[in-house]
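**Student:** Let's see this in three dimensions:
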Amino acid sequence: MELLNKIKSNNESGKISFVSYITAGDPDINTSLKIMKSLARNGTDIIELGIPFSDPISDGPTIQKATERALNKDIDIKKALEIVKKFRKEFSTPIVIFGYYNPFLKYGLNKLMRDIKSSGANGILVVDLPPEESFQIQESVEKHNLELVYLVAPTSTKFRIETISKLSNSFIYLVSVTGVTGARRKIDKSLSPFIKKLKKITNKPICVGFGISNSTHVNELKNQVNGIVIGSAIVKIIEKNLKKKADIIKNISNFCRKISRATKI
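**Tutor:** Down below sits the predicted model:
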């Protein structure tokens, strides 16, 4: 279990894991691959690679725009996994395929898990998959020896958290807010009490995302969780530098190094 092992080894060495998100094919396939390499070289421990989808209901404006840019380049699951294969020729950084159930179901769940495995990715996160309806994916994931990451929200009940903890063979992704993805200025005051509650219910590693966007946020959370997830802040760098793609790599590299330094406990 590469994702779990990475988080565990990082914690043992005195740091929390830095999980970064980008949308596959944003702003184009070649640049997307270069970004992934930059993430791996500059402190990212796990990469979430988003599959573009026309109705990304959990995502805020920044990632919605990234999805549109990727869809305009005709990026689909197959092309996204080709990026992973190319990345794997040089890097071993664990990868989670991140997306929505509809395109995964259309692709075929068993075929999807087989292709994810053969591409070199290590797990999958299905944003809109309730644990109560996860049987088919759970079965296929186990068949292909992949990790399935579940989301927990501040509104999740004790029963649902217990259910997810039993089903999960990976880390738990804690959504920090009751809302969509997007960089935010402050951490919600209710997050810390909920993390404490979550730790009493599950012993699975907890990585928190949605709204985490800078080293100050990381410093606030690093003694409470096993990892942090940053997406919109990275995707925003891409958006701001679409006309200067070399600057995308340079600025993301600088950003990731800064975040990585902050993850040390």
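**Student:** in the chain, which spans are helices?
**Tutor:** If DSSP state H is used as the criterion, the helices of the chain fall at 2-12, 29-41, 61-72, 77-88, 101-107, 109-119, 135-143, 158-167, 191-201, 215-221, 232-240, 245-262.
**Student:** from those, which stretch is densest packed?
**Tutor:** Greatest average neighbour count among the helices of the chain goes to helix 232-240 (a mean of 22), per mean count of other Cβ atoms under 10 Å. Using the backbone N, CA and C atoms, a C-beta is placed for each residue, glycine as well.
**Student:** Report the mean per-residue pLDDT for that helix.
**Tutor:** Per-residue pLDDT over helix 232-240 has a mean of 96.
**Student:** now stretch 111-122
**Tutor:** Mean pLDDT, computed over stretch 111-122, is 98.
**Student:** Assess the claim that Ile75 and Asn30 are in contact.
**Tutor:** No: look at Ile75 against Asn30 with Cβ atoms under 8 Å: they stay out of range, at 12.0 Å.
**Student:** Surely Thr202 is in contact with Phe171?
**Tutor:** No: counting by Cβ under 8 Å, Phe171 is not a contact partner of Thr202; they are 10.3 Å apart.
**Student:** Have a look at these two and say which one is more surrounded.
**Tutor:** For Thr202 versus Phe171, neighbours defined as other Cβ atoms under 10 Å are more numerous around Phe171 (29 against 16).
**Student:** any idea of the pLDDT on that one?
**Tutor:** 98.
**Student:** if I pick the residue lying closest to it once chain neighbours are set aside, what's in contact with it?
**Tutor:** Spatial nearest neighbour of Phe171, chain neighbours left out: Pro205 (4.2 Å); criterion: Cβ to Cβ, 6 or more residues apart in numbering. With contact taken as Cβ atoms under 8 Å, 6 or more residues apart in numbering, Pro205 is in contact with Leu4, Ile7, Lys8, Asn11, Phe171, Ile172, Asn226, Gly227.
**Student:** can you check Leu81 too?
**Tutor:** The contact partners of Leu81, by Cβ under 8 Å, 6+ apart, come to Ile97, Asp115, Ile116, Ser119, Ala121.
**Student:** please redo it, this time with the cut-off set to 6 Å
**Tutor:** If a contact means Cβ atoms under 6 Å, 6 or more residues apart in numbering, then Leu81 has Asp115, Ser119 as its contacts.
**Student:** and if you look at Ser168?
**Tutor:** With Cβ under 6 Å, 6+ apart, Ser168 has these contacts: Tyr150, Lys204.
**Student:** so what's it scoring on pLDDT?
**Tutor:** For Ser168, the model assigns a pLDDT of 92.
**Student:** Now do the nearest residue to Ser192 once chain neighbours are set aside against Asn203, distance only.
**Tutor:** Spatially, and ignoring its direct neighbours in sequence, Ser192 is nearest to Gln224 (6.3 Å; Cβ to Cβ, 6+ apart). Distance of Gln224 to Asn203, computed by Cβ to Cβ, to the nearest Å: 15 Å.
**Student:** Nice, that's everything, thank you.
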